[in-house]
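# Okay, predicted coordinates and the sequence, questions at the end:
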Amino acid sequence: MLLRTGITSLIVILGLLVPSLNARAALHVAPTSVEAGAAINGLFFLDSDANLGDTFSYRAHGAYNVNRWLGAELGFDFAPKEVNQVVMTQLHLNAVVNLMTSETVVPFVGAGPSFTTVIPEEGERDSDLGFNAMAGVKLYPWKRLGVRIDARYVGRLGNDEGEKDLESDLIAGLGLFYIHGGAEEVEEVVLDTDGDGFIDPEDKCPTTPGVESAGGCPDEDGDTITDLKDACPKTPGPVELNGCPDADGDKIVDKSDRCPKVPGPAEYQGCPDPDDDKVANYPGDEGDRCPSIPGDPAYGGCPAPPTPESLARFSGVMQGITFEKAKAVIRSKSFKLLDEAIEELQKHKHVIVLIEGHTSSEGSDQMNMTLSQQRADAVKTYMVSKGIDASRLETKGFGKSKPIASNDTKAGREQNRRITFTPLRY
């Protein structure tokens with residue numbers, strides 16, 4: 001009756017406490033803590049010839065937790081002579097292993113030696129050594145106070161004549177315990193010193209705010225290279241060029257490329273040399289003056305200049321080039337002189353010539369300006385038809401604005417009606 005009443009009382013207590021198990025948020029098995037508890041047990045004799053009936057017992061225990069996982073426990077069970085006409089005491093010393101240390105539940109196992117004493121109403125007491133193994137679970141409604149449910153097997157070794165070599169008992173217990181002291185587990189606080197959302201252990205720059213693509217380091221231009229390692233921190237560029245841009249893709253970064261928009265070799269600082277004359281197309285006057293024609297570096301990348309004799313054939317007043325009156329039609333007798341000029345220009349493909357048209361003072365200013373331009377254009381058209389690149393020929397009509405003789409005489413007016421070649425580059 002007492003056994004049934006005690007077990008019922010503990011079950012009621014457990015039923016009231018279990019709903020609050022989730023109220024805690026700490027691990028309760030603190031290292032170096034001590035534990036004390038009490039329980040009421042069911043004591044079952046597993047050997048049918050033990051001459052003892054199943055009964056109940058009371059238990060007190062104390063334990064020391066070495067750390068969260070390991071501990072040692074000393075337990076004392078006392079079974080009064082309510083059912084059997086004997087008093088039984090059992091002392092258990094166990095090594096305890098916590099299988100899991102969660103916020104609310106700690107399952108455990110243990111094993112160790114036992115010492116059992118049976119005291120009859122009459123006669124001598126009987127003491128036996130033995131061993132025990134236990135398994136159970138601790139529930140934590142609060143931080144320090146908990147409920148314990150366990151089962152323990154006890155093997156009693158007979159040492160008197162006529163006793164069995166091994167007698168087995170099973171003890172099932174339900175009780176309360178209290179934990180005191182122990183080193184409080186301090187939750188590790190992981191810092192984010194620079195406040196960039198990346199914790200310090202994973203932040204490559206823990207004191208400077210940064211971005212994810214650069215591992216927590218600053219990357220102003222967003223090219224995944226941190227500003228500290230980026231040779232061009234304000235302009236995005238590829239990793240292989242240390243974060244500097246290369247607009248023309250010639251592997252020479254723009255800040256070191258003299259021609260950043262046109263690819264060229266490193267030997268010319270990123271500028272091209274399409275005519276392969278060892279004079280690159282550098283910007284400004286330093287570059288190749290004849291970028292599409294192989295030339296001599298001594299002449300700025302152009303071929304050597306023509307001789308004076310050659311130059312005379314396509315420079316100055318081209319005496320002998322005449323036109324039909326008041327028209328821009330070249331007379332056929334002019335072709336021989338033009339062909340000689342063309343022949344020389346074919347030899348010197350870098351030369352650029354300005355074809356000037358001039359008239360006498362006869363007629364209006366506007367008429368003479370238009371006629372002089374048309375005649376210069378007619379000469380250009382003829383020369384282009386003979387193979388001279390149009391880009392090498394420029395034209396300009398001056399009308400009657402630049403006379404070289406008096407317009408008061410017929411001979412003077414004839415001199416003023418002229419075509420002049422002015423070399424612009426040679």
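Perfect, I can see it now.
# Is Gly37 in contact with Arg148, as I believe?
Yes - assessed by CB atoms under 8 Å, Gly37 is found in contact with Arg148 at 6.1 Å. Bear in mind the C-beta positions are built from the backbone N, C-alpha and C, glycine included.
# Which neighbours do those two have in common?
Shared contacts of Gly37 and Arg148, defined by CB atoms under 8 Å, 6 or more residues apart in numbering, comprise 175-177.
# PyMOL command to pick out the buried ones of those residues?
To isolate the buried members of those in PyMOL, using 16 or more other CB atoms under 10 Å:
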select buried, resi 175+176+177
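# Out of the shared contacts of Gly37 and Arg148, which sit inside strands?
Under the assignment DSSP state E, the shared contacts of Gly37 and Arg148 contribute 175-177 to strands.
# Dump the residues you listed into a markdown table; add distance to Met134 as well.
Below are those laid out as a markdown table (distance: CB to CB, whole Å):
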| residue | distance to Met134 |
| --- | --- |
| Gly175 | 13 |
| Leu176 | 17 |
| Phe177 | 14 |
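# so which of the residues you listed would you say is closest to Ser385?
When those are compared for distance to Ser385 (CB to CB), Phe177 wins out at 115.1 Å.
# From Pro272, how far out is the closest one?
Distance from Phe177 to Pro272, counting by CB to CB, to the nearest Å: 87 Å.
# Please write out the alpha-carbon positions of stretch 417-426 in CSV.
Extracted C-alpha coordinates of stretch 417-426, given in CSV (Å, rounded to 0.1, in the frame of the first residue of the first chain):
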residue,chain,number,x,y,z
ARG,A,417,44.6,80.9,-114.1
ARG,A,418,46.6,78.0,-112.6
ILE,A,419,46.7,74.8,-110.6
THR,A,420,49.2,74.7,-107.7
PHE,A,421,50.4,71.5,-105.8
THR,A,422,51.4,72.1,-102.2
PRO,A,423,52.8,69.0,-100.4
LEU,A,424,51.4,68.8,-96.9
ARG,A,425,53.4,65.8,-95.9
TYR,A,426,56.5,64.4,-97.6
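# Would you mind checking the average pLDDT for it?
Throughout stretch 417-426, pLDDT has a mean value of 91.
# Just the helices from the chain, written as ranges.
When assigned using DSSP state H, the helices of the chain occupy the ranges 2-17, 308-312, 335-347, 365-385, 410-416.
# so which of those comes closest to Gly75?
In this view, those are compared for proximity to Gly75 by CB to CB, and helix 2-17 is the closest at 16.8 Å.
# what about the closest one, average pLDDT?
Summarised as a single mean, pLDDT over helix 2-17 is 44.
# how is this structure carved up into domains?
When the chain is parsed into structural domains using automatic domain parsing, the resulting residue ranges are 2-180, 246-298, 308-425.
# How far off centre is the shortest one?
A distance of 36 Å separates the C-alpha centroid of domain 246-298 from that of its chain, computed with CA atoms, centre = their mean, to the nearest Å.
# residues contacting Asp275?
Applying CB under 8 Å, 6+ apart as the definition, the contact partners of Asp275 turn out to be 288, 290-295, 301.
# could you redo the last one with a cut-off of 10 Å?
Counting by CB atoms under 10 Å, 6 or more residues apart in numbering, Asp275 makes contact with 281, 288, 290-295, 301-302.
# count of neighbours near the residue lying closest to it once chain neighbours are set aside?
By the measure of CB to CB, 6 or more residues apart in numbering, the closest residue to Asp275 outside its immediate chain neighbours is Pro294, 4.6 Å from it. Residue crowding around Pro294 was assessed by other CB atoms under 10 Å; the count is 18.
# Likewise for Asp219?
Asp219: 24 surrounding residues under other CB under 10 Å.
# Surely it is in contact with Thr235?
No - judged on CB atoms under 10 Å, Asp219 makes no contact with Thr235 at a distance of 12.0 Å.
# Residues that sit against both of these two, list them.
What both Asp219 and Thr235 touch, as defined by CB under 10 Å, 6+ apart, is the set Gly243.
# The residue sitting nearest the centre point of the chain and Asp192, how far apart?
Nearest residue to the geometric centre of the chain (CA atoms, centre = their mean): Ser213, 3.3 Å. Ser213 sits 18 Å away from Asp192, taking CB to CB as the criterion.
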